[in-house]
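Student: would you be able to build a 3D model of this:
(3 chains)
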Amino acid sequence: MRYLRLTIAALLCMSLASGGANAQSADSSESSEYLIKAGFIYNFAQLVQWPPAAFVQPDSPIVIGILGVDPFGELIDRVVQNKKLDGRSLIVKRLKRGASLKECSILFVSSSEAAHLEEVLQSTKGLPILTIGEIPGFAVRGGIINLTLEGNRVRFEVNIEAAKQANLNISSRLLALARIVPQSADGKRSE
Amino acid sequence: MPKILLVEDNEMNRDMLSRRLERKGYRVVLAQDGRQGYLLAHSERPDLILMDLSLPVMDGWEVTRLLKGNGSTSHIPIIVLTAHALLSDRAKAFDAGCDDYDTKPVEFGRLSEKIENLLVVRKES
Amino acid sequence: MNLQNLSIKRKLMLITMLTSSVALVLSSVSFLIYDLMSFRRQLSQDLMTQAEIIGFNSGAAMAFKDEAAATATLSALKAKDDIVAAALYSPEGKMFAHYFQADKTLPSSLDAGSQQSGYRFEGGYLRVLQQVKMNGERVGTLYLLSDMRQWNLRAKRYTSIIVIVVLICGSLALLLSSRLQKLISKPILHLEDTMRMVSSNKNYEIRATRFYGDEIGRLIDGFNTMLSEIQLRDTALQRANNELQTSTHELEVEIIHRKRTQDELLTAKQAAEQANRAKSAFLANMSHELRTPLNAIIGYSEMLEEEVQDIGKISNVRDLQKIQAAGKHLLALINDVLDLSKIEAGKMQLHIEMFDIASMIEEMVTTLKPAIAKNANAFQLHVPENLGTMRGDVTKVRQILLNLLSNACKFTDHGTVSLDVDRMTTAGQEWIQFRVSDTGIGISTEQQENLFQEFTQADISISRKYGGTGLGLAISHRFVQLMKGRIMVESTPGQGAVFTVHLPVQAAAEQPESSRSGQTVSSEAAPQVTANADTILVIDDDLAVRDLMSRSLTKMGFRVVAAAGGEEGLRLAKQLRPLVITLDVIMPDWDGWTVLNKLKADSDLAEIPVIMVTIVDNEAMGRDLGASSYLIKPVDRERLVALIEKHRAARFSTVAKTGVPPANWSSRSQRSSRKPEVVGPRRH
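Tutor: Below is the predicted model of the structure:
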């Protein structure tokens, strides 16, 4: 029985792996998407200015937090590996729900957290965190940048208000490429 | 009396000389020119001939030569009388064969002596 | 078009135009080039800048691979119409976005090598590549292509401007130069005109105008000065020409005169020659004509005297004797006069022959007997034994002696007349000395001076008193001269007189003077080698010198033979063995030194003394080569003669006396005139 379980587990793992591989390959089409997105995130980081207070030290790293299920995997690590922005290196942290978000400069809210979006956004309100999501309506609801998929293309929306609220200065260059999304009227304002 | 043939073309000379010779005792035969002289020399057979050199017809040289060349007259002594005493004339005369010469104008004494000499010689030979 | 032969005006204008054009064009072109080049650089920099900007602006789009955005960015380039193509390439080199204008395209991909930032000019286009970076990372490459139209335009525009400017300036320069060249050309052209006028009209009074004070002005001044000179010379030439013409004319006249004179002279000469011939004929005839009747007179009177004597008419005898005496006197006079005339006419000839001196004297003395007896004088004769013979004119010698002796007899009364004959050697030559001395009345010093002259007062009075013709001594003297002898008199009045005659043993036949060598050698000359004492050989190439030497030396009693050159001279020297050789130095063919050398080298001739007679003063050389003396022309005749005499003395003291005379001398006359019996001892 054990052997069977092992075999099934192995098979499962293998399928998973293959699935993973498939997923990988699916992910590779998916992963190319996320490679792009990773790249975008890196790019966003280049085109956004954090306020000086956002970092403790001049060489404090830029922390990219991934909240929820990490869709990037090692992709994002690879992208930001050895890169520096303004002399700051980039670290990717995976965060569980409920974890402290303060240390992040960038927070990628995985679509797994779609249900908890309000909370997340609330917790980041007023903090100089560049919130990036790939949840529809992310930007409307207060996220700063929302990655969308139009056809084969990865596009993004930007909520300027949210950026302002986060004290983040988004380069016009970025804005030029983005679809500006106004703050939803329904969107709750910070108190 | 020796006979002298005088061949002289000048009349006066002839006259003078012949008379003086005759006075001296010679018989004188006269010739007026060379040719006559030559002929008379042959015909008269004189003992001596006095020959003037400058003669008409035949001159003294010629006559002397002829006479001396001719056997019958060659023995006759000839004294030529010449106005010149030139070497060449004398030489010529002697070449022709004459035995003596005398110059003109004749100095009779000198001439006589010469005549006598030749006649004596002749006589002796 | 031959540039060298353009007119001054054209040349000047051409120079001006060329230089100014070249300057202008060069400067313009330099500026143009500079400008265009900097413009190009500027353009490229502009474009680079643009590329940077666009690159920057495209960075985000490239990073986000926002094609649309990239394209949009590129399309902003529309504003720049010189950019004909632009493209953005992904980092891999794939064209991402593009902007093409005017069918210009860009490559769809770029290789890695072409992705460097930079610019390049290719085929009239400016290509700029700019790396697009985000955060220092390359997100793509921007490619801009510019057609440089601004540059082209600028180039065209500027070039046209330059062309226009050049043309305008050129025209202005042309105008200016055409005006200004006159500064140079006008005076030159004027000068040229003037020159032409002067030479065509031969008018040397024209002068060129001086325009300015520059070099051309000075040239013109010079030209004018030259003209003045020419004018002067021309005038002088004219004058000289005129003078020349006059002179020529005068010369021509002179020549005509001379010709006439020449003709006259020729006629005169011919007349003189004729006269001369007539003279000779006359003398010959006169001789005969004069003597013949006289001979008749004398002869007949002699004859008559004889005849009368025979008869015994003494008185007639005396008369006849007077006739005779007169006739003889007349004859003597005529003979003397004729002799003198002959001598004067130069027609007196010597008839040289060998004769026995003693016999001649004997004969002569015989004829003197009456004269001696006349004044009851005693006669002494001293003739040495072996007196020998001499060569001379016997008749004349006899005449001389007769003259002297009869004079002696005439002027001595109851005294002694002596004749001493001797052979002697003086100055290297053999002489016969005849001394006629008497103890008569003597001759005063005054009379001695004129003794040998004809027709002097004393002679005439004496001849009247003492008889004789008075010409005897003159004739004797001339005869002695003719025979190259000497006659001298010593006397003290009251104590008698001594007449001495020296005659050469070897009398040279009288020869015509000749400057030709060889032909003057007498046929009578003895072939024996014992030297001809009298001969002097003159070697000189100058005819005048030979002539002069010959004449002077002949007068001195020498026989002169002349040679015109060394070769001839040597030949003659061998032939004649002269006493002395005079030698010139400067001669064509062989010079004197060469001849001297040869003379001294020849054993036959080495003994003959050589006197160098030359203008060259090189006595040392002369002596070294063996010349005995050295005289410098013009020659002192006395000195030369003295030298020759010295040599004569020296030479003949060493040579034996002349030997026995040749065997063929004629002695018949002597033989026949001597009575064969009378071969007694010679009287002393």
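Student: write out the residues of chain A neighbouring chain C.
Tutor: A:36, A:39-40, A:43, A:46-47, A:83, A:85, A:156, A:171, A:173-174, A:176-177 (C-beta under 8 Å from any C-beta of the partner chain). Just so you know, the C-beta spots here come from the backbone N, C-alpha and C atoms, and that holds for glycine as well.
Student: rerun at 7 Å
Tutor: Neighbours of chain C within chain A, by C-beta under 7 Å from any C-beta of the partner chain: A:40, A:43, A:46-47, A:85, A:173-174, A:176-177.
Student: give me the low-pLDDT residue ranges for chain B?
Tutor: By pLDDT under 70, the weakly predicted segments of chain B are B:84-90, B:122-125.
Student: enumerate every residue touching the spatially most central residue of it.
Tutor: For chain B, the residue sitting closest to the mean C-alpha position, by C-alpha atoms, centre = their mean, is B:Leu50 at 1.5 Å. Counting by C-beta atoms under 7 Å, 6 or more residues apart in numbering or on different chains, B:Leu50 makes contact with B:4, B:6-7, B:79, B:81.
Student: in strands, which of the residues you listed appear?
Tutor: Using DSSP state E, the subset of these located in strands is B:4, B:6-7, B:79, B:81.
Student: that older thread, just the closest of the contacts of B:Leu50 to chain A, please.
Tutor: Closest approach between the contacts of B:Leu50 and chain A, by C-beta to the nearest C-beta: B:Leu81, at 183.2 Å.
Student: and that closest one, how many neighbours?
Tutor: B:Leu81 has 23 neighbouring residues, counting by other C-beta atoms under 10 Å in any protein chain shown.
Student: doesn't B:Asp52 make contact with it?
Tutor: Yes: contact status for B:Leu81 versus B:Asp52: in contact at 4.8 Å, counting by C-beta atoms under 7 Å.
Student: does any bit of the lengthiest helix in chain B sit next to chain C?
Tutor: Secondary structure of chain B read by DSSP state H shows that its longest helix is helix B:108-124. Yes: Helix B:108-124 comes into contact with chain C (C-beta under 7 Å from any C-beta), by way of B:108, B:117.
Student: would you mind listing the buried residues in that helix?
Tutor: By 16 or more other C-beta atoms under 10 Å in any protein chain shown, the buried positions in helix B:108-124 come out as B:108, B:111, B:114-115, B:117-119.
Student: could you check the angle it makes with strand B:3-7?
Tutor: Helix B:108-124 and strand B:3-7 are oriented at 130 degrees to each other (axes from the mean of the first three to the mean of the last three C-alpha atoms, to 10 degrees).
Student: residues in contact with helix B:108-124?
Tutor: Counting contacts by C-beta under 7 Å, 6+ apart, the residues touching helix B:108-124 from outside are B:2, B:20, B:24, B:47-48, B:77, B:79, B:99-100, B:102, C:302, C:675.
Student: ok, of the residues you listed, which come out buried?
Tutor: B:2, B:20, B:47-48, B:77, B:79, B:99-100, B:102, C:302.
Student: quickly find the element holding C:Arg260.
Tutor: helix C:215-311 (DSSP states H and E).
Student: C-terminal to that helix, what's the next element?
Tutor: Read in the C-terminal direction, the helix or strand following helix C:215-311 is helix C:314-344, with elements assigned using DSSP H and E.
Student: re the thing from before, from the contacts of helix B:108-124, which land in strands?
Tutor: With strands defined by DSSP E, the entries of these inside them are B:48, B:79, B:100, B:102.
Student: where are the low-confidence patches of the chain?
Tutor: No chain was given, so I picked chain A. Segments of chain A classed as low confidence (criterion: pLDDT under 70) are A:1-2, A:7-31, A:184-191.
Student: the chain in question should be chain C.
Tutor: Short version for chain C, where the test is pLDDT under 70: C:1, C:114, C:455-464, C:466-467, C:508-533, C:650-684.
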